[in-house]
Every structure is written in C-alpha cells, then in structure tokens.
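Visitor: Here is a sequence with its predicted model. Questions after.
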Amino acid sequence: MIDLNNCKNLFQNYTKKYDLKNEKILLKVLHTYRVMDNCIDIAKSLDLKHEDLSIAALIGLLHDIGRFEQIKQYNTFNDHKSVDHAALGVDILKKDKFISKFVSDKKTQEIVFKTINNHNKYEIEYDLDDRTLMFCKIIRDADKLDIFKIFSEKIYKIPYTNSCVSNRVLNYYLKGIVLPDSFNETVLDENLRTFGMLYDLNYEYSINKVISDNIPDKLMDIIIKSSVHEKENLLNIKKVYYKKRGNLC
C-alpha cells in the first residue's frame, strides 16, 4: 500500500537539501508535482484501479529525483554534458534503500526503477512485461505534457537564429518519425526536438490534451519565430503532425 501523503512529505524533505532559490531547482520541483498530476489523470483515463493509480502518482513524483543532484553538481539539465539524470535518480533511490521509505513492495520498487530509467530514453526497452510497459508509457506521456506546457508558455525563450533545418531531419519529420538526439545538425534541428516529441505520445488522453490546448500551434509559432525563412518547411511539418493524428490543420 502506498501512502501518497507520506511520499509527498518524503519528497519535500529531500528537496529541502537543495537551494530552492535556484530557479532550476524550483522549476523541477514544480514540474514534478505537475507531472504527478498528469500521471494520475492518464491513469484515470485508463480506468486503473486505486493501487495502480497510486503507483502512477509515485512514479510521477520520483521520475526526476536525479535532476536535483545533477543541477547541484553540473548546473545543467543537459544529460549529454553531465550525467543521465534518470540513471542517477535510480541510483539515489537504491542507495541505503531510500526507495523503501516510499514503497516497501519489491515488485513495485522494480516497476519504479524501470519506469524512471526509461522515461528519458529515445525508446522504451523491449523486454518489459505489459504492466511495467504501461507505467513507462504513462510517465513518458505525463512528462511530455508538462514539457509542452512549459515550452508553449515561453519559459524557455528561443532566440532568433538564421539556422536551417537539415535535410535529414526535415525528411524524418515529414514522415512523422521521432528523431534521436544524435540526428541534430543545426540549431533549428535542436529547436524542433520539442515539437518532435508530439509524435511519441502513447495514450488517447495525452493526444486529445495537446490538441485541445492547441499545443502544436503554440510550439510551432515559437519555433517559426526563431527562424522565419524556414516557415514553409516548418508549417509542412505541422501539417504532417495533424494529418498523422487525423485532425485538420
């Protein structure tokens, strides 16, 4: 049995070790609670029972626990320039059996470890059981929903660049395919990564949420402003997304 109030208190006490006046730290604290709420909403949309609702919430609460130490040590969210924050999070939860304070059941602990480790990867590992796979999909969707929200509200402001979208990246996006980070060749390619995450949503709730919140338009408007001369190609990418989702542009 998971006591979510206790889990929230444990998480709050853990984050008190870090400088909450640091904007990056505060951003991740607030992000965590929103992702937890997203996990609950997605789980409810799947008609999951109370036990699984609690597991989904716990995964949302702990998915980015590695971010705080990453920021403290490296002052960056960039895993490639620092450390894999998901793997770091799992290590933190395993150290001195910290995870046991949140949940005692060993099988649930393993689900938490697997989902945290897979939440930031290009794709989910192949050999997971159906239940663990479901939770991996829930946290990946929940995390992306908040990333879209932050990006579309321009918390991350994209400066103007005269960069072009590379041919390889353009061709993949026009096929509706999610790209690995390693495919980025230009600044605009990097800016398009957030929009590309739209292709990787798993559940109907998540897809309907981004459409109802007008997220594809908001994201693309920001990206177009960063490289106006690529507007035609960028709008074509947006049209492909709507066509893929069966919605009119």
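Guide: Cool, the structure landed. Residues are numbered from 1 along each chain as shown.
Visitor: from here on, contacts and neighbour counts on C-alpha atoms
Guide: Will do.
Visitor: And the residue nearest the centre of the chain, how far from Gly246?
Guide: Within the chain, one residue has its C-alpha closest to the average C-alpha position: by Cα atoms, centre = their mean, that is Asp143, at 3.1 Å. Distance, Asp143 to Gly246, by Cα to Cα, to the nearest Å: 23 Å.
Visitor: Please apply the same query to Cys164.
Guide: Distance of Cys164 to Gly246, given as Cα to Cα: 28 Å.
Visitor: okay, those two: which has more neighbours?
Guide: For Cys164 versus Gly246, the count of surrounding residues by other Cα atoms under 10 Å is larger for Cys164: 17 against 9.
Visitor: Please name the residues that touch the more buried one.
Guide: Cys164 is in contact with 186-189, 227, 230, counting by Cα atoms under 8 Å, 6 or more residues apart in numbering.
Visitor: Look at Tyr122 and give its secondary structure.
Guide: Tyr122 falls in the coil class when you classify it by DSSP: H, G, I helix; E, B strand; the rest coil.
Visitor: right, and it touches Pro180 too?
Guide: Yes - with the criterion set as Cα atoms under 8 Å, Tyr122 and Pro180 qualify as a contacting pair; they are 6.1 Å apart.
Visitor: Low-confidence bits of this structure, can you list those?
Guide: 154-157, 247-249 (pLDDT under 70).
Visitor: Would you map out the domains in it?
Guide: 4-152, 167-245 (automatic domain parsing).
Visitor: What residues sit buried inside stretch 39-59?
Guide: For stretch 39-59, burial by neighbour count (16 or more other Cα atoms under 10 Å) applies to 39-44, 52-59.
Visitor: meant to ask about stretch 100-110, not that
Guide: 102-103, 108-109.
Visitor: what does stretch 212-232 give?
Guide: 215-224, 226-228, 230-231.
Visitor: Could you export stretch 106-120 as PDB, CA atoms only?
Guide: Extracted in PDB, the C-alpha atoms of stretch 106-120 (Å, rounded to 0.1, in the frame of the first residue of the first chain):
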ATOM      1  CA  LYS A 106       9.800  -5.200  -4.000                       C
ATOM      2  CA  LYS A 107       7.800  -5.700  -7.300                       C
ATOM      3  CA  THR A 108       6.500  -2.100  -7.200                       C
ATOM      4  CA  GLN A 109      10.000  -0.900  -6.400                       C
ATOM      5  CA  GLU A 110      11.300  -2.600  -9.600                       C
ATOM      6  CA  ILE A 111       8.500  -1.000 -11.600                       C
ATOM      7  CA  VAL A 112       9.500   2.400 -10.200                       C
ATOM      8  CA  PHE A 113      13.200   1.800 -11.200                       C
ATOM      9  CA  LYS A 114      12.300   0.600 -14.700                       C
ATOM     10  CA  THR A 115       9.900   3.500 -15.400                       C
ATOM     11  CA  ILE A 116      12.300   6.100 -14.100                       C
ATOM     12  CA  ASN A 117      15.200   4.600 -16.100                       C
ATOM     13  CA  ASN A 118      13.100   4.600 -19.300                       C
ATOM     14  CA  HIS A 119      11.300   8.000 -19.000                       C
ATOM     15  CA  ASN A 120      14.000  10.000 -20.800                       C
END
